[in-house]
Every structure is written in C-alpha cells, then in structure tokens.
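**Student:** Compute the structure for the input listed below.
(2 chains)
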Protein chains: 2
Amino acid sequence: MSQPHIVECVPNFSEGRDSSIIDSLVRSIEAVPQVAVLHRTSDADHNRSVITFAGRGEAVLEAAVRVAAEAVARIDLTRHQGAHPRVGAIDVLPFVPLDTTPMEVCVDLAHRAGHRIASEVGLPVYFYEAAALQPSRIRLEQVRRGQFEGLRDEVLVNEERQPDLGGPALHPTAGAVIIGARRFLIAFNINLQSDDLALAKDIARQIRESSGGFPAVKALGLALPTRGLVQVSMNLTDFDRTSLFAVFDAVSRLAAERGVGVVESELIGLLPRRALEQSAAQFLKLPDFSADRIIESRLDAVLRAE
Amino acid sequence: MSQPHIVECVPNFSEGRDSSIIDSLVRSIEAVPQVAVLHRTSDADHNRSVITFAGRGEAVLEAAVRVAAEAVARIDLTRHQGAHPRVGAIDVLPFVPLDTTPMEVCVDLAHRAGHRIASEVGLPVYFYEAAALQPSRIRLEQVRRGQFEGLRDEVLVNEERQPDLGGPALHPTAGAVIIGARRFLIAFNINLQSDDLALAKDIARQIRESSGGFPAVKALGLALPTRGLVQVSMNLTDFDRTSLFAVFDAVSRLAAERGVGVVESELIGLLPRRALEQSAAQFLKLPDFSADRIIESRLDAVLRAE
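**Tutor:** Now for the predicted structure:
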C-alpha cells in the first residue's frame, strides 16, 4: 500500500457578502469524506471569498469539482461587483502539494479537475502556473486580463484568449475558472525592536529577490506604530529554495549589525510541516536530515493505509 | 471521531545471538495491523535485542502482549548468559508517548499490558517509572537488582521484592517482565571544530543537569580523533523541559566564546516530530506556536479517522 498524496486546494469565489451562498460552498466541500476545510475568509469590498481545504488528492479533486458546480449554480457574475479582478464565479482553483507530494501530482489533479469541470459542470477552463498548457498562461494576471466583462467579448474574436477547455465562449453567468498547480506560499513577518522604518525597509531590500537578495522571497519594511516596532513582512514563494531558517537568520544578523534585536516573528495562516522541519534541521546543523528520521513520518504510511 | 493516540514501545529481550528467535519476535509484532516495526538491534555480547515498534495505542498493546507470549515460549533464561543484567525473557517493556499522546495514556497501556501478560501469558510483572505502583520501583535498576537468578530466590523469602502481578514466584524459564511508561529519550551530539578535549568536557559540564546545567540533560565531552574534532554527546530525557534548540544554542554560544565553531550535529536513531517542531518555533521566535498551525497536523485527525 502506498501512502496517499496529501494536497491543499485554495479556490477563490466571486462572492464575499452573502453568507448563505458561502456556507453552501463550504458544505459542498465538507460533504466529501477525507477532506477537511481548514480556513475560510470573505471580504465584502472585494466581494470575494477564499476557502482552504485539504486531504487525499482524489478526495480533494472530487470536492473541487463539486464546489465548482455549486459556485456555477449560485453565483451570477453579471450581477457581481467588487474591487478584486475576476473572470469566474469560481475564479481561481489552485492545487498545492503538502507533505512529500510531488508537484506533478498537483499538475495531474489540476488537469483532471479541468476536464471534469468543463464536461460535467459546463464551465470553461484556463490552466495557469505549473498546470499551464501555454507559456503565456503561466501568470494568473495574464489569464485574467480584461476580467469577465472584457474576456467574455474578446474570446469571440481572438482565438488566443479562448479557454483551454470548454470554449470558445465563456459561461454566460459563471465566466470561466482558472485552474493551476503552485507551491505553498508562506507569509512570515519578523518584528524588530526599533521604530526606525528606514532600517526595516533597508533589510527588506537586502533580502528580497527583486533587489538581488534570496530567491523566492518578497519582502517589505513596515511600521507598527501602536507597538513602537518595525516589521520585515515576507512572502516565501518556494521554501525549498529559501527557507524560514535562511530569512530569519539573515534578518536577525542584519538587524544585529545595527544593534537591533528581534522581538518575535509572526506566521500568517498555516504552514506545511516540511517547512518547519527543514528549518529545525538547518538550525541544528543536521546534515542530510530527512523526514524518515521522524518517528511519526514512518508511521503515517501505516496509519493512513486503511 | 477522536484522533487515536500514537505510542512507541521498545521491548528488550534476553536473546541477541539466535536470529531465528529474534525474527520470530519481530514477526509476532508485525502480525498486528496498524503497528510498524521501526528498528531492531541485537548485541551478541549482551545476548540481548531491542525492537522498536509504534502505532495506535490499542494495536501497540496487542503487539506487546503477543511478543511477550512469543518470548516466553522461545527464550529460556536458565540457559541464558550475557553481559547485560536481566530478570526476564522479555526483560523490559516501556511504552513511550509520541505525537500529542499524554503520558497517562502510556501508563494505562502499561498497566493493561501487565494485567494481560500476567493472566494470559502467565508471566509475573513489575511496573517501573511512570507506571510504578511503589516508589521503590520507579528506577529500573532497583527492580532488576539481583537479576533473574538472585530475584528468583529472593521473592520466595522477601515479600518486598515480589512481583506487582502474577507472583509471588517468578516464571521458571522466563523470569518476569518489567513494564513501564517513560518519556522519549533523544540522543544528540554536537561536533566542534577543535581537538581540545578539555573544551568539550567543560562545555558538557556546564550544560548537564548533574553539575547545575539544564534540567533533563546528560552530557559528556568526547574526542573524535580520526576526525580531529571533539564532541559534546548528550541525552535529552525530557525535551519538553530542555529542547534541542536550547542545548544547541547553549553549546554553540559556549564554543563561540572560545572562538570555536560548530561543525555539525548528529542525531542517533529517530526522534519525535514534536521535538523538531518545538525547536523550529523556538529558533524562529514564534510565540504561542502550536501544532495546529501545521496543515498536516490538522489533517491527521481526518486522514486517520477511517
């Protein structure tokens, strides 16, 4: 018996105000065994909700198809207004590897979800990021250009913008869904014992990829005026390339060089277990550490193989 | 559905030479579903084997009873000689909490295993450490005093040495088993870029409990002559009291004060996941971190609840 692949799915829906609709979306996911809804958040101004769920790959695929059908039935984009750009009732549907799941598994799940949603739900599909079928569709913003109202018209005259599946026209009320596979994004902030915003901005500049710092790191320096502190606020978009250990070590050294200490860190939302274990092994200088040195990792295969 | 408790069991057997007997012990454990044999080691001089297995508490209990029966059937202490002290064919049977399992669960498993082994297998039982019923039996060495040959005679005349269950006499060929519940012991070494043994011994003295250092830490300074390094070799007997982070941080600071760096660390055997996660959170200065911030921890309950 092989261990099942564990996958996270983070669909974004174009409804952030009517809680009865959002509840029905959550219920359609929770109806699938072996899937857990981990988080939900709605923004009235954006008029958008994000539901985070996870479980075995096959169960997550089933829940994704069901919630897409529920979104198409319940959300009408022709009457939707909100601050956040969108092309679909279920706007974005990314599959994210957890545990030791390879990215290829999530690409495969994304493609299978796309075929089922196009054929069973009748919703046109675009593929993005690791699941993209065309290089021009890797970036989500590129696929979403023009939004529902613009893309709905453009696909009728421009073949290059037509959906990967279920086109050429968009769904009249539900638009299209953009399905992808991407890495887990860790949101991590470090608070410094200083009120010097220039210091935080300077450290952020030194560590972020865009100004020559660590790969797969985005960083900003922010003030926390009510606490009298400054913060280096980061997104780690690929913790296998740059770990929590690496950025914490770098930020605390750069701050220490100016005589400033780290007060504490903040983790926004959840994080994958491997990101934490990896950083512990790096800090403890355990070479060649792997999860099979962890008792519970060895057991997972046994305990899940029911 | 509540999450099942995950438990490790590390029985010691008075047979380290005849691999057919050791294989049969392993097989009797592996015959129980939901139990995984993680490790086995035999020492011919000690004439002793240690088998490490783990799984759900109820399954581990069942495997412990079965392997006790197999040991009684296959091992004859009246013909056993070895360097390691022992009172039983299955000599020691500790239950160790993993994951978030409370110690009380292991105490309960130890007591239930004891009752079943005494009644079903006919092997007298002593309880030690957290499962001890008498203060004088907390320490294993105290219970084992006199070994099989001495204790066999003493129980006939001294009520105070008689088994907690299944006595007063020991089993004629299998002696008695000493069953307990104890914490996980982490064996962790830190190698220093120095050949100064006095330095390693001095650091070991500063961090070990017996000379006023960290609680639940045993430490020795050793030379690694073939590598030209010295080592601080440690046992952490309660990582909730003193973590890997705490000892690594202390040893590297004490070494740095003398201008000596850490080359790398070594983990002997396996370690519980929580020990690693705890140290990562301490290093990253994440206050109030708990395992429910880890996605896979949230999922375990769902994935195991079949």
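
**Student:** Show me the domain layout of chain A.
**Tutor:** By the assignment in automatic domain parsing, chain A contains the domains A:6-181, A:186-295.

**Student:** what about the helix or strand hosting A:Phe245 and chain B, touching?
**Tutor:** Element membership of A:Phe245 [criterion: DSSP states H and E] is helix A:244-257. Yes: using Cβ under 8 Å from any Cβ of the partner chain, helix A:244-257 reaches chain B at A:244-245, A:248. Placement of C-beta: from N, CA and C, glycine included.

**Student:** give me the residue from the stretch 151-300 of chain A nearest chain B.
**Tutor:** Closest approach between the stretch 151-300 of chain A and chain B, counting by Cβ to the nearest Cβ: A:Ala280, at 3.8 Å.

**Student:** who touches that residue in this structure?
**Tutor:** A:Ala280 makes contact with A:245, B:244-245, B:276-277, B:279-280, B:283, according to Cβ atoms under 8 Å, 6 or more residues apart in numbering or on different chains.

**Student:** same check, this time on A:Ala59
**Tutor:** Applying Cβ under 8 Å, 6+ apart to A:Ala59 gives the contacts A:32-35.

**Student:** What is the longest helix of chain A by residue count?
**Tutor:** helix A:57-74 (DSSP state H).

**Student:** How many residues are close by the nearest residue to A:Arg66 once chain neighbours are set aside?
**Tutor:** Nearest non-adjacent residue to A:Arg66, counting by Cβ to Cβ, 6 or more residues apart in numbering or on different chains: A:Ser28, 4.8 Å away. For A:Ser28, the neighbour count with other Cβ atoms under 10 Å in any protein chain shown is 20.

**Student:** Run through the stretch 1-150 of chain A and note the low-pLDDT ranges.
**Tutor:** Applying pLDDT under 70 to the stretch 1-150 of chain A flags residues A:1-3.

**Student:** what about the helices in it?
**Tutor:** In the stretch 1-150 of chain A, the helices defined using DSSP state H, counting those that start in this stretch lie at A:19-30, A:57-74, A:103-116, A:140-144, A:147-154.

**Student:** hmm, the third one in reach of chain B?
**Tutor:** Yep, that's helix A:103-116 we're talking about. No: Helix A:103-116 stays out of contact with chain B when judged by Cβ under 8 Å from any Cβ, the minimum separation being 14.3 Å.

**Student:** Need phi/psi at the residue of chain A positioned farthest from its centre.
**Tutor:** No residue in chain A sits farther from the centre than A:Gly259, which is 36.0 Å out by Cα atoms, centre = their mean. With angles defined as degrees, to the nearest 10, A:Gly259 sits at phi 80, psi 20.

**Student:** returning to what we had before: tell me which of the domains of chain A sits nearest to B:Ile179.
**Tutor:** domain A:186-295 (20.6 Å; Cβ to Cβ).

**Student:** pLDDT averaged over that closest one - what is it?
**Tutor:** Taken as a whole, domain A:186-295 carries a mean pLDDT of 94.

**Student:** Work out the gap between it and the centre of the chain.
**Tutor:** In terms of Cα atoms, centre = their mean, to the nearest Å, the centre of domain A:186-295 is set 19 Å apart from its chain centre.

**Student:** Endpoints of it, how far apart?
**Tutor:** 25 Å (Cα to Cα, to the nearest Å).

**Student:** Distance to B:Ala68 for the contacts of A:Ala280 - can I get that in CSV?
**Tutor:** Below are the contacts of A:Ala280 laid out as CSV (distance: Cβ to Cβ, whole Å):
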residue, distance to B:Ala68
A:Phe245, 44
B:Leu244, 33
B:Phe245, 38
B:Leu276, 32
B:Glu277, 34
B:Ser279, 36
B:Ala280, 38
B:Phe283, 42
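
**Student:** which of those has the most neighbours?
**Tutor:** Comparing the contacts of A:Ala280 by number of neighbours (other Cβ under 10 Å), B:Leu276 comes first, having 30 neighbours.

**Student:** what separates that residue from chain A, distance-wise?
**Tutor:** Separation of B:Leu276 from chain A (Cβ to the nearest Cβ, to the nearest Å): 4 Å.

**Student:** residue contacts, that residue?
**Tutor:** A:276-277, A:280-281, A:294, B:244.

**Student:** okay but A:Arg40 is in contact with A:Val26, surely?
**Tutor:** Yes: A:Arg40 is within contact range of A:Val26, at 6.1 Å (criterion: Cβ atoms under 8 Å).

**Student:** what sits in contact with each of those two?
**Tutor:** With contacts taken as Cβ under 8 Å, 6+ apart, A:Arg40 and A:Val26 have A:Ile51 as neighbours in common.

**Student:** re earlier: which single one of the contacts of A:Ala280 is nearest to B:Ser19?
**Tutor:** B:Leu276 (33.6 Å).

**Student:** CA atoms of the strand or helix carrying that closest one as PDB?
**Tutor:** B:Leu276 is part of helix B:273-283, with elements assigned from DSSP H and E. What follows is helix B:273-283, C-alpha atoms only, in PDB (Å, rounded to 0.1, in the frame of the first residue of the first chain):
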ATOM      1  CA  ARG B 273       8.200  15.100  15.400                       C
ATOM      2  CA  ARG B 274       7.200  17.400  18.200                       C
ATOM      3  CA  ALA B 275      10.800  17.700  19.300                       C
ATOM      4  CA  LEU B 276      11.800  19.100  15.900                       C
ATOM      5  CA  GLU B 277       8.800  21.400  15.500                       C
ATOM      6  CA  GLN B 278       9.300  22.800  19.000                       C
ATOM      7  CA  SER B 279      12.900  23.700  18.300                       C
ATOM      8  CA  ALA B 280      12.000  25.400  15.000                       C
ATOM      9  CA  ALA B 281       9.400  27.500  16.700                       C
ATOM     10  CA  GLN B 282      11.800  28.500  19.400                       C
ATOM     11  CA  PHE B 283      14.500  29.400  16.900                       C
END
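
**Student:** can you give me the angle it makes with helix A:244-257?
**Tutor:** Computed by axes from the mean of the first three to the mean of the last three Cα atoms, to 10 degrees, the angle separating helix B:273-283 from helix A:244-257 equals 30 degrees.
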